[in-house]
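Undergrad: Build me a model:
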Amino acid sequence: MNRIINRYLLKEVLQSWFMVTLVLWLIVVSNRLAGYFAEAAAGQIPIDAVFLLIALKSVTYLSALLPLSLFLGILLALGRLYKDSEIIALSACGVGMREIYRPILYMSLLAALLVAWMTLYLAPKTAIIEKGQRIQAEKSMNIKGITAGRFHELNGGRMVFFVGAMSADGQHMKNLFVENSSQGRIELITADQARMWHEEGNDADYLLMEQGYRFQGDLGQDGYRVMSFSSYAIKIELPGGARGTKNKTDTIASMDLWHSDRLADGAELQWRLSMPVAIIVLAFLAVPLARVRPRDGRYGRLFVAIMVFIVYYNLLGSARIWLEKGMVSSWLGLWWVHLFPLLLGYGLWKEFNAYGLFRKLYRRGQR
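TA: Next comes the predicted model:
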């Protein structure tokens, strides 16, 4: 009989969990998709890169959404069982809170393992791929925006260059003339050909020129130097928001974060570990929090649950910032935040048990 009850509870929770996850994922992805389309319309990324970028970004979104969706899925599933008095019928058959907890916690452990794999391994991998694809897409758009026979500006107008012709594949510039000024110094450069180049090590972009001459001098002074080169690069700032807005720690492998001494890396690692922990913690809290009276409806505790989740995740975010700034020690880190929903869940569970014991004693007294 216990197996039948366990399968029934798991079926109800899994159905609710899947539907909540799908709805939340569609909301988040639609919002991000609109942002990518806006960037494509502004000419920052090509339109054909939008769906690849959103597919890669979905992994990060999904790993962050699963704790919330499981929390709400348990609440909705058990809320319906309370509303239809099915939990009361199960209680009459000797099924208590422990029996309800058992299949849900087993399921949450499996879900936590899935989320741990996603946050610790899969998300950093996809973040690296997404970063490379975005850089490539932006570079492609910047190359496509260069027209032969016209002057173009880079680095906020400090650098002006003229392209005589473009290669057949559109990736190389030919017969280049560059005027670059910085810190009171000016240089004129001519090159047979050039291309955009991105260095992964320091996440910087360069204009790489080949086979040319540099004429360098100081503004307002006589004399200049002439140098020939086979290869010469100038650091440039490409238009587009990908460089400055990226969180550089999200692409670091979890083992590298583990061996790092940087506070930001430690905070990132603890944040990744907090996602699978949150699955178990929220599942533990959801079972007693889902208890409602039949006349309250299955959504009776939903508002309270959402408020608890908001407070919990805001505390996690604040603790992460405090750890990055060194305001809390690394051993304390984000772990203390998980005590808040655990203590709340334990208190609700004890209240439920005390309420059940009181009802039993009251009925015996009536007899």
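Undergrad: The helix or strand harbouring residue 29: what's the following helix or strand?
TA: Using DSSP states H and E, the element containing residue 29 is helix 2-41. As assigned by DSSP H and E, the chain's next helix or strand after helix 2-41 is helix 50-83.
Undergrad: now for the helix holding residue 29, which elements pack on it?
TA: helix 50-83, helix 97-117 (3 or more CB pairs under 8 Å, 6 or more residues apart in numbering; DSSP states H and E). Using the backbone N, CA and C atoms, a C-beta is placed for each residue, glycine as well.
Undergrad: For stretch 320-330, buried residues please.
TA: Neighbour counts over stretch 320-330 (16 or more other CB atoms under 10 Å) mark 320, 322-324, 328 as buried.
Undergrad: Name the residues that touch that stretch?
TA: Stretch 320-330 is contacted by residues 263-264, 266-267, 270-271, 319, 333-334 when judged by CB atoms under 8 Å, 6 or more residues apart in numbering.
Undergrad: Can I get the buried residues of stretch 320-330 in TSV including secondary structure?
TA: Converted to TSV, the buried residues of stretch 320-330 look like this (DSSP: H, G, I helix; E, B strand; the rest coil):
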residue	secondary structure
320	helix
322	helix
323	helix
324	helix
328	coil
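Undergrad: domain parsing for the chain?
TA: 2-141+246-366, 148-242 (automatic domain parsing).
Undergrad: so which of those is the most packed in?
TA: Most buried of the domains of the chain by mean neighbour count (mean count of other CB atoms under 10 Å) is domain 2-141+246-366; its value is a mean of 17.
Undergrad: now stretch 187-201: how far from the chain's centre is it?
TA: 33 Å (CA atoms, centre = their mean, to the nearest Å).
Undergrad: now residue 67, nearest residue through space, not along the chain?
TA: Nearest non-adjacent residue to residue 67, counting by CB to CB, 6 or more residues apart in numbering: residue 278, 4.1 Å away.
Undergrad: right, I mislabeled it, should have said residue 348
TA: residue 288 (3.6 Å).
Undergrad: circling back: pLDDT check: weakest of the contacts of stretch 320-330?
TA: Lowest pLDDT among the contacts of stretch 320-330: residue 333, with 86.
Undergrad: Pretty sure that residue sits against residue 267.
TA: Yes. Contact criterion CB atoms under 8 Å: residue 333 and residue 267 qualify, at 7.5 Å.
Undergrad: Need the helices and strands packed on helix 2-41 in a markdown table (columns: distance to residue 204 and mean pLDDT).
TA: Shown next, in a markdown table, are the helices and strands packed on helix 2-41 (distance: least, CB to CB, whole Å; pLDDT from 0 to 100):
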| stretch | distance to residue 204 | mean pLDDT |
| --- | --- | --- |
| helix 50-83 | 21 | 88 |
| helix 97-117 | 33 | 89 |
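Undergrad: Let me know which of these is the nearest to residue 340.
TA: Within the helices and strands packed on helix 2-41, the stretch nearest residue 340 is helix 50-83; the backing value is 13.9 Å (CB to CB).
Undergrad: Wasn't residue 195 part of a helix?
TA: No. Per three-state DSSP, residue 195 lies outside any helix segment and is strand.
Undergrad: Please consider this matter closed, and thank you.
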